[in-house]
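[1] Okay, here's the prediction I keep looking at, along with the sequence it came from:
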Amino acid sequence: MMILGHVLGGLALAGGSILAAAIAVALAGMSGIRHLRKLLSGHSFRVVQLDGSQYADVAEPPGSDYANVVQLDRSEYTEVR
């Protein structure tokens, strides 16, 4: 009977600790999502969208090691948004 009590007590303790850990993870996830929403909705997280004219100073590499590469002019492709 004592062995059965120790086994049941250990299972209850393990189950309780797993339940407490699951609750802690759920609370941390909910507060993290709330914090992320505050960051994205507020002015503390600034996102600047660039238009095509701001890419003019980015240089492409002069050569390529691949044989079947087609070099495109800026007028031959469109910007994907």
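    Looks like it came in fine. Numbering: from 1, shown residues only.

[2] tell me the mean pLDDT over the helix or strand harbouring residue 27?
    Per DSSP states H and E, residue 27 falls inside helix 2-41. For helix 2-41, mean pLDDT is 90.

[3] Check which helices and strands it is in contact with.
    When contacts are defined as 3 or more CB pairs under 8 Å, 6 or more residues apart in numbering; DSSP states H and E, helix 2-41 packs onto no helix or strand at all. The C-beta positions use only the backbone N, C-alpha and C, and glycine is treated the same way.

[4] Contact partners for residue 35?
    Neighbour list for residue 35: empty [criterion: CB atoms under 8 Å, 6 or more residues apart in numbering].

[5] That one and residue 73: what is the separation?
    46 Å (CB to CB, to the nearest Å).

[6] again, but for residue 3
    Distance of residue 3 to residue 73, given as CB to CB: 82 Å.

[7] what's the distance between residue 77 and residue 1?
    Separation of residue 77 from residue 1 (CB to CB): 80 Å.

[8] So between the two, which is more surrounded?
    Each of residue 77 and residue 1 has its neighbours counted (other CB atoms under 10 Å); residue 77 has more, 8 against 5.

[9] could you check the distance from the more buried one over to residue 25?
    From residue 77 over to residue 25 the distance is 46 Å, taken as CB to CB.

[10] again with residue 17
    Counting by CB to CB, the separation of residue 17 from residue 25 is 13 Å.

[11] and what of residue 40?
    Between residue 40 and residue 25 the distance is 22 Å, computed by CB to CB.

[12] swap in residue 69?
    With distances taken as CB to CB, residue 69 is found 49 Å from residue 25.

[13] per-residue pLDDT, residue 72?
    Model confidence at residue 72 (pLDDT) stands at 74.

[14] What number of residues are in the vicinity of it?
    9.

[15] what kind of secondary structure is it in?
    Following DSSP: H, G, I helix; E, B strand; the rest coil, residue 72 is assigned to coil.
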